[in-house]
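Student: what follows is a predicted protein model with its sequence.
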Amino acid sequence: MKDYIHKEFPKSCDPNDFFGQVKRTVNGKPVGKEQINIIIDSICKGLDLNKQDVLFDLGCGNGALSVLIFHKIKAYFGIDFSEYLIEIAKKNFEKGNYTFQCAEANEFLSKEALNKKYTKGLCYGVFSYFEKESAERILRNIHDKYENINKFYIGNIPDRERASNFFYKDIEYANLLDDNQSSLGIWWSQKDFENLANKTGWKVEFLNMQDDFYSAHYRFDVVLTKKVN
């Protein structure tokens with residue numbers, strides 16, 4: 001299911017339906033500009049972005065969300081495991097110091113040496129699709145290898161404690177909550193996510209979107225900051 005959603009489904013959409021391709025939708029229709037602006041505002045505030053920042057984006061998709069941040073930062077590098085989505089990103093949004101590459105997250109990070117150029121990190125809407133062991137390796141590698149990333153924003157995480165707000169009452173969903181291949185991936189409780197963050201060297205701040213955000217009733221965001229030794 002995960003590969004279909006991120007690799008095959010986007011090919012069925014109009015090439016210019018950028019938010020439809022990445023399922024940033026409600027009832028099958030792309031969310032409105034005001035909803036996208038809420039996301040961008042939260043990311044920019046959570047990361048305290050400025051014109052000196054170089055942003056590393058894990059799971060950037062087709063770049064339609066990323067490009068709305070470019071004017072806030074000095075440079076950008078995004079990776080995603082979907083060749084098709086990266087083709088879209090390169091064709092429509094890549095320019096100068098703002099670039100994209102097709103790569104699988106853990107494979108890419110495992111090969112990284114100590115890297116000082118990135119100052120902030122972002123992972124929006126895809127973290128729940130990583131198996132828990134993979135998620136732990138990702139957080140540990142970013143902590144250890146990206147020396148100057150002190151803030152890492154992870155957005156749109158399905159909230160295990162509020163799953164009943166999403167599923168219809170007649171659906172048995174318990175077996176879906178720990179399945180990273182399901183349509184929404186793994187549902188994390190805030191307690192479990194905090195344990196994961198602490199285990200990999202991060203402090204965590206939980207963020208809730210404003211009430212009129214389309215998924216505020218069943219998702220949360222987090223801002224991770226490195227622990228001071």
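Tutor: Yep, that arrived. Numbers count the residues shown, from 1 in each chain.

Student: which non-adjacent residue is nearest G125?
Tutor: Using C-beta to C-beta, 6 or more residues apart in numbering and skipping the chain neighbours, the partner closest in space to G125 is N156 (4.3 Å). No exception for glycine: its C-beta is placed from N, CA and C like everyone else's.

Student: which residues of the chain score low on pLDDT?
Tutor: When residues are selected by pLDDT under 70, those of the chain lie in 1-6, 27, 229.

Student: for it, just list every one of the strands.
Tutor: Applying DSSP state E to the chain gives strands spanning 25-26, 29-30, 54-58, 75-80, 98-102, 120-124, 151-158, 202-207, 219-226.

Student: got the ones you listed as CSV, with distance to Q181 columns?
Tutor: Compiled in CSV, the strands of the chain are given as follows (distance: least, C-beta to C-beta, whole Å):
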stretch, distance to Q181
strand 25-26, 20
strand 29-30, 24
strand 54-58, 19
strand 75-80, 17
strand 98-102, 21
strand 120-124, 18
strand 151-158, 14
strand 202-207, 25
strand 219-226, 19
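
Student: would you turn these into a markdown table with mean neighbour count and distance to F166?
Tutor: Below are those laid out as a markdown table (neighbours: other C-beta atoms under 10 Å; distance: least, C-beta to C-beta, whole Å):
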| stretch | mean neighbour count | distance to F166 |
| --- | --- | --- |
| strand 25-26 | 12 | 12 |
| strand 29-30 | 14 | 18 |
| strand 54-58 | 22 | 24 |
| strand 75-80 | 23 | 25 |
| strand 98-102 | 18 | 31 |
| strand 120-124 | 24 | 18 |
| strand 151-158 | 23 | 7 |
| strand 202-207 | 16 | 18 |
| strand 219-226 | 20 | 9 |
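
Student: how about the closest residue to A163 other than its chain neighbours, what does it touch?
Tutor: Closest residue to A163 apart from its sequence neighbours, by C-beta to C-beta, 6+ apart: W187 at 5.5 Å. With contact taken as C-beta atoms under 8 Å, 6 or more residues apart in numbering, W187 is in contact with 128, 158-160, 163, 176-178.

Student: now A216
Tutor: For A216, the residues meeting the contact criterion (C-beta under 8 Å, 6+ apart) are 208-210.
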